[in-house]
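Asks: Fold the following for me, if possible:
(chains A, B, C and D)
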There are 2 protein chains.
Amino acid sequence: MAAESWSEHRRAAIDAAATELCEQATDSRSERKRTGILTAATELFLRNGYQGTSMDEIASVASVSKQTVYKNFADKQTLFTAIVLGTLDRFGEPFLAAVDRLKDTENLETDLVELARGYLAAIMRPQVLRLRRLIIAEADRLPELARTYYERAPERTIAALADCFAQLATRGLLSVDDPLAAAGQFAFLVLGQPLDRALFCLSDKGFREADHNAHTDAGVRVFLAAYRP
Amino acid sequence: MAAESWSEHRRAAIDAAATELCEQATDSRSERKRTGILTAATELFLRNGYQGTSMDEIASVASVSKQTVYKNFADKQTLFTAIVLGTLDRFGEPFLAAVDRLKDTENLETDLVELARGYLAAIMRPQVLRLRRLIIAEADRLPELARTYYERAPERTIAALADCFAQLATRGLLSVDDPLAAAGQFAFLVLGQPLDRALFCLSDKGFREADHNAHTDAGVRVFLAAYRP
DNA sequence: CCGGTTCAGTACTGGACCGTACAGTACTCG
DNA sequence: CGAGTACTGTACGGTCCAGTACTGAACCGG
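Replies: Numbers count the residues shown, from 1 in each chain, chains lettered A, B, ... in the order given. Next up is the predicted model:
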């Protein structure tokens, strides 16, 4: 039963990612309705939360009958997980590519700062923050989903960083004996405080770019102080 | 209106803290009922969340009529904020004292590791984690409460750490020019990854004490590499 | 021990919302 | 163009829950 629900998650996620990617191409009417439901539901879930969003509302915003919603998604949870896993994949990829590029850096310090700034900017986007909060909020009701998110977003990113740091170590640019630990330290030196604050004060725009840059630079400085050969 | 609701929060918090502190002393019947409601509601809110807890349930667990609940607390939100601010004060104090003691350390490295371990252990207690998740989950509905929690828990702790680091700097034991930034870095080197993971996988007991200690020690090592004179 | 207050128990109101049913309409494809 | 499918609109059943109303009983100060 758990496995069945799980494979359903996977399918839904793949569908979501696919439809999101090709936006509104040569799709039949059904497909267009489906994407309309997905975008409307994404918007509403991210803005009003899971409990705060009703299926009637989703149908209304998507300009679709409620019955059509239920024809495409068995129930509210299925729709929700489809959206979470879809947006997850959509936002995660670009940064992983940036991490991979860092392996070949010619100027570690500069590029590491740039990577860190991009990392922070990526995770501090309101949509990403809202998604994070949403999943944390529903982690009791949907533990499987929360775990999947954790594995496919933060953990995956840190693993990629670790891979990168290991590579840099073989090039003699870093001196790390435990790349995974170093990656975690790097991530939370850069993200920790802003992310924590944002989880509580999402509405607050108080953090300006300048602060973020200063914070990021200081974090990288500490990291390099510990791991520069 | 905002100010009024705010002062109500304050009063409720003070009441809660007071009643919690003197446990079950020489209180009149009303007071005993009130504490009963608070403990029952705390238990239920922390275990089942805000939406997952009904006022009927609270009354039932507290062995009290629903009307009595409403006589003591105007509505569900008021009761909730009273509990959050009460438990906040109850859990925050001990660690702040430990931070203060570090100012007079004779062996910085050892004591810093010990402090870090205590910090992590304190924040990884299930009750604290649940409270954190609860507040994050309701941050949209109760932004004022979320902000208050942030200021009185994480921010306050980091400020205390900064104060301590500044003191250690004057003693020549650390070399910090921005104590607040250093405190934030210390905090998230130690807490960041375990806390982030726990927010998503609360049920998962996967993190053992040994892992925590190794993680903490590594974090302190990085911190000292950057800030040792 | 007595008069007023407080409380338990319970029932009720009003509303939100998930998921389904159904009858009629629009679309698609052979 | 016609058969079959998908969609609309609306209404409905069932459930849950916050907050109120009311009655009789327990408590407490004087």
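Asks: CA atoms for contacts and neighbours, from now on please.
Replies: Fine.
Asks: Tell me which stretches of chain A form helices.
Replies: For chain A, the helices defined by DSSP state H occupy A:2-21, A:29-48, A:55-61, A:66-72, A:76-102, A:108-123, A:126-137, A:143-152, A:154-170, A:179-200, A:209-227.
Asks: any idea how far A:Ser65 is from the residue lying closest to A:Ala218 once chain neighbours are set aside?
Replies: Take A:Ala218 and drop its neighbours on the chain: the residue closest to it by Cα to Cα, 6 or more residues apart in numbering or on different chains is B:Ala181, 7.8 Å away. Going from B:Ala181 to A:Ser65 by Cα to Cα, to the nearest Å gives 53 Å.
Asks: Look at these two and report which has more neighbours.
Replies: B:Ala181 (19 against 15; other Cα atoms under 10 Å in any protein chain shown).
Asks: So, low pLDDT: which residues of chain A?
Replies: Low-confidence segments of chain A (pLDDT under 70): A:1-27, A:29, A:205-210.
Asks: Quick one: name the residues of it near DNA strand C.
Replies: A:28-29, A:51-56, A:66-67, A:70, A:74-77 (Cα under 7 Å from any atom of the strand).
Asks: Just give me the closest of those residues to B:Asn107.
Replies: Set against B:Asn107, the nearest of those by Cα to Cα is A:Gln51 (51.4 Å).
Asks: closest point of chain A to chain B, which residue?
Replies: Per Cα to the nearest Cα, A:Ala137 is where chain A lies closest to chain B, at 4.3 Å.
Asks: Can you report how many residues neighbour that residue?
Replies: Number of residues near A:Ala137 (other Cα under 10 Å) recorded here: 24.
Asks: repeat for A:Pro94
Replies: Neighbour count for A:Pro94, taken as other Cα under 10 Å: 11.
Asks: Ok, the one 5 residues further on next?
Replies: With neighbours defined by other Cα under 10 Å, the count for A:Val99 comes to 22.
Asks: likewise A:Leu174?
Replies: Per other Cα under 10 Å, the neighbour tally for A:Leu174 reads 19.
Asks: List the residues that contact it.
Replies: Neighbour list for A:Leu174: A:165, A:168, A:227-229 [criterion: Cα atoms under 8 Å, 6 or more residues apart in numbering or on different chains].
Asks: Any of those residues buried? List them.
Replies: Those of the contacts of A:Leu174 that meet the buried threshold are A:165, A:168, A:227, by 16 or more other Cα atoms under 10 Å in any protein chain shown.
Asks: Just list the residues touching the second one, thanks.
Replies: Residues in contact with A:Leu168 (Cα under 8 Å, 6+ apart) are A:103, A:174.
Asks: Quick one: name the residues of chain A near chain B.
Replies: Counting by Cα under 8 Å from any Cα of the partner chain, chain A comes close to chain B at A:133-139, A:143, A:146-147, A:150, A:181, A:184-185, A:188-189, A:192-193, A:197, A:199-203, A:215, A:218-219, A:221-223, A:225-226.
Asks: out of these, which are buried?
Replies: Using 16+ other Cα under 10 Å as the burial test, the residues of chain A next to chain B include A:133-139, A:143, A:146-147, A:150, A:181, A:184-185, A:188-189, A:192-193, A:197, A:199-202, A:215, A:218-219, A:221-223, A:225-226 as buried.
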